[in-house]
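Novice: dropping a prediction and its sequence here:
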Amino acid sequence: MTLDPIKPAFDPVTWAIPVFVVTIVGEIILGRLGKVKANYEARDTATSLLMGLGSTIAGALLAGTIALVSIWIWQNHRLFEIPMTAWWAWLAIFFLEDFTYYGFHRLAHERRFWWASHVNHHSSQHYNLATALRQTWTGGVAGTWLLWLPLALIGFSPAMIAIQKGISLVYQYWIHTEAIRKMPRWFEAVFNTPSHHRVHHARNARYLDANYAGILIIWDRMFGTFIPETDEEPPRYGLVKNLGDFNILRVAFHEWIGIGKDLLSARSPREVVGYLFGPPGWSPDGSRETSATLKAKWREREAMKAQAEPAPPMAAE
Amino acid sequence: MNGMVIQLLGSAVAVAAMVALAAWARIPRATPPLDEAAVRALLDIDYPGEIVEDIWIAADGAGAIARSGDRALVLSRLGDSWVTRDLSWSAALAAPIQGGRVRLRLKDPSAPRLALAVSGVNPWPPQGDLELAA
């Protein structure tokens, strides 16, 4: 059997589109019937779905260039011959692509330049299947696709990379829901789940910058970014500073505009670098909040609360 | 090319249908008109530990302005959710009233404008309440 190493045999995302529609309709109807936890607000839903539609158009505009670069590296500079028909090749790309996704996702949250292209995905104050489709318009321009080029350099064909990226994207769709509380314990230990990803979308200080996983949650566990969802503090979704309206242009570009305004006011190369590549919220005088400062303040409040609470009574002797 | 256009049109129709279904389902979160306790609770999420001295609630109960020292903490309903921002108290006092709403302009590209309903019985700036009006 031979597979075309350049043109993917199928696109998992295209195949999944009917599933997206059916499951969103299902989640809304089951939510309406009170069978599952699901909140939908029409304008929020419209924003999410239009961002998804716009994302496919924006993606198509740059897809050719990205594919050409990937093909060029694979054809001219690959280090190994990796057969597309070998099972181990698919197993290897599953892990390597997922690890790449973890790195991309962490970068997209912890450095403002890439956060500017990813922030739109977190801008809904809802967490439902429609939120999953609130995708970036500017990811291509931000160059995050460069992170996947090492896979072509290793020797994975562009078609394999495209298929595995699609599988990862489709996997991550179903975890954007409040309808599923917890999966079986073994599954929660290994895979990214609705519970883990609710934490990722939460704006509560305790949950910020956590659970960057794509398919496997093991990367977060390995690199210390895993935070479990707790019943004592349900996630509140959205941004630390939520958007003031449902304008999709604002959703797509507000952080880029913020970067532009900050760069105009920058007074030194250090400030330029800080505004571009510092953590979101970075400012020269530290007057703005970053995830780190918000978490530090939260820890302080928790410590004060613990001190104020009376010690538990001693067990009767 | 034709295939892409058809796919795009199909997607647009599907989007419209899903939005219509979401509107029909009426399953947003409950957002009853604000009272003082609700304003304090909501502001405490984004401004934990901030001392709120006094509160003005918008005429439609869909927003509020709270005074915290020389700052105004603004709460505004967006759909079934809430948006908060802060600005100087003097800037909030000087905000113009247009179309029955106090229009607060902010320097934040993620929320450049917030507008809260005012009425004759609930004017902005508040009258007679020394803490808020000062």
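Specialist: Happy to help now that I have it.
Novice: distance-wise, check the residue in chain A that chain B sits nearest to relative to B:Pro109.
Specialist: Going by CB to the nearest CB, chain B is nearest to A:Gly244 of chain A, at 2.8 Å. Quick note: C-beta positions are derived from backbone N, CA and C, even for glycine. For A:Gly244, the distance to B:Pro109 (CB to CB, to the nearest Å) stands at 10 Å.
Novice: A:Pro158 now?
Specialist: Counting by CB to CB - A:Pro158 and B:Pro109 are separated by 37 Å.
Novice: again, but for A:Trp186
Specialist: Counting by CB to CB - A:Trp186 and B:Pro109 are separated by 45 Å.
Novice: with neighbour numbers in mind, choose between these two.
Specialist: A count of neighbours by other CB atoms under 10 Å in any protein chain shown puts B:Pro109 above the other of A:Trp186 and B:Pro109, at 18 against 8.
Novice: contacting residues around the more buried one?
Specialist: Applying CB atoms under 8 Å, 6 or more residues apart in numbering or on different chains to B:Pro109 gives the contacts A:Arg250, A:His254, A:Glu255, A:Ile257, A:Gly258, A:Lys261.
Novice: secondary structure element holding it?
Specialist: Taking DSSP states H and E as the definition, B:Pro109 sits outside all helices and strands.
Novice: also B:Asp44?
Specialist: B:Asp44 belongs to helix B:36-46 when assigned by DSSP H and E.
Novice: neighbouring contacts of that helix?
Specialist: Residues beyond helix B:36-46 that count as contacts (CB under 8 Å, 6+ apart) turn out to be A:236, A:241, B:32, B:34, B:50, B:52, B:55, B:57, B:64, B:66, B:73, B:75, B:82, B:84.
Novice: in strands, which of those residues fall?
Specialist: B:Ile55, B:Ile57, B:Ala64, B:Ala66, B:Leu73, B:Leu75, B:Trp82, B:Thr84 (DSSP state E).
Novice: going by distance to A:Arg32, which of the contacts of helix B:36-46 wins?
Specialist: Distance to A:Arg32 across those (CB to CB) is lowest for B:Pro32, with 20.3 Å.
Novice: mind checking pLDDT for the closest one?
Specialist: If you check B:Pro32, the pLDDT there is 97.
Novice: how many other residues sit next to it?
Specialist: 7.
Novice: tell me the residues of chain B that contact chain A?
Specialist: Taking CB under 8 Å from any CB of the partner chain as the contact definition, chain B meets chain A at B:4, B:8, B:11-12, B:14-15, B:18-19, B:21-23, B:25-29, B:45-46, B:48-49, B:76, B:78-85, B:106, B:108-114.
Novice: A:Leu133 and A:Ala46 touch, don't they?
Specialist: No - with contact defined as CB atoms under 8 Å, A:Leu133 does not count as touching A:Ala46 (11.3 Å).
Novice: higher neighbour count, the two?
Specialist: Neighbour totals were compared for A:Leu133 and A:Ala46, and A:Leu133 leads with 23 against 20 (other CB under 10 Å).
Novice: next, the contact list for the more buried one, please.
Specialist: Taking CB under 8 Å, 6+ apart, one finds A:Phe20, A:Ser48, A:Leu49, A:Met51, A:Gly52, A:Ser55, A:Tyr173 in contact with A:Leu133.
Novice: dump the residue contacts of the first one.
Specialist: Which is A:Phe20. Here A:Phe20 is in contact with A:Leu129, A:Ala132, A:Leu133, A:Tyr173 (CB under 8 Å, 6+ apart).
Novice: now render the ones in strands among the contacts of helix B:36-46 as JSON lines, adding pLDDT and neighbour count.
Specialist: Converted to JSON lines, the ones in strands among the contacts of helix B:36-46 look like this (pLDDT from 0 to 100; neighbours: other CB atoms under 10 Å in any protein chain shown):
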{"residue": "B:Ile55", "pLDDT": "97", "neighbour count": "23"}
{"residue": "B:Ile57", "pLDDT": "97", "neighbour count": "22"}
{"residue": "B:Ala64", "pLDDT": "98", "neighbour count": "26"}
{"residue": "B:Ala66", "pLDDT": "98", "neighbour count": "27"}
{"residue": "B:Leu73", "pLDDT": "98", "neighbour count": "23"}
{"residue": "B:Leu75", "pLDDT": "98", "neighbour count": "27"}
{"residue": "B:Trp82", "pLDDT": "98", "neighbour count": "25"}
{"residue": "B:Thr84", "pLDDT": "98", "neighbour count": "19"}
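Novice: nearest to A:Glu271 among those?
Specialist: Nearest member of those to A:Glu271, counting by CB to CB, is B:Thr84, at 27.3 Å.
Novice: hey, what's the closest one bridged with?
Specialist: B:Thr84 has these beta-bridge partners by DSSP bridges: B:Leu75.
Novice: that one contacts B:Pro48, correct?
Specialist: No - counting by CB under 8 Å, B:Thr84 does not reach B:Pro48; the two are 11.6 Å apart.
Novice: and the buried ones among the contacts of B:Pro109, selectable in PyMOL?
Specialist: Here is the PyMOL command that selects the buried residues among the contacts of B:Pro109 (16 or more other CB atoms under 10 Å in any protein chain shown):
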select buried, chain A and resi 250+254+255+257+258
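Novice: the contacts of B:Pro109 into JSON lines, with extra columns for distance to chain B?
Specialist: Formatted as JSON lines, the contacts of B:Pro109 follow (distance: CB to the nearest CB, whole Å):
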{"residue": "A:Arg250", "distance to chain B": "7"}
{"residue": "A:His254", "distance to chain B": "4"}
{"residue": "A:Glu255", "distance to chain B": "7"}
{"residue": "A:Ile257", "distance to chain B": "4"}
{"residue": "A:Gly258", "distance to chain B": "5"}
{"residue": "A:Lys261", "distance to chain B": "7"}
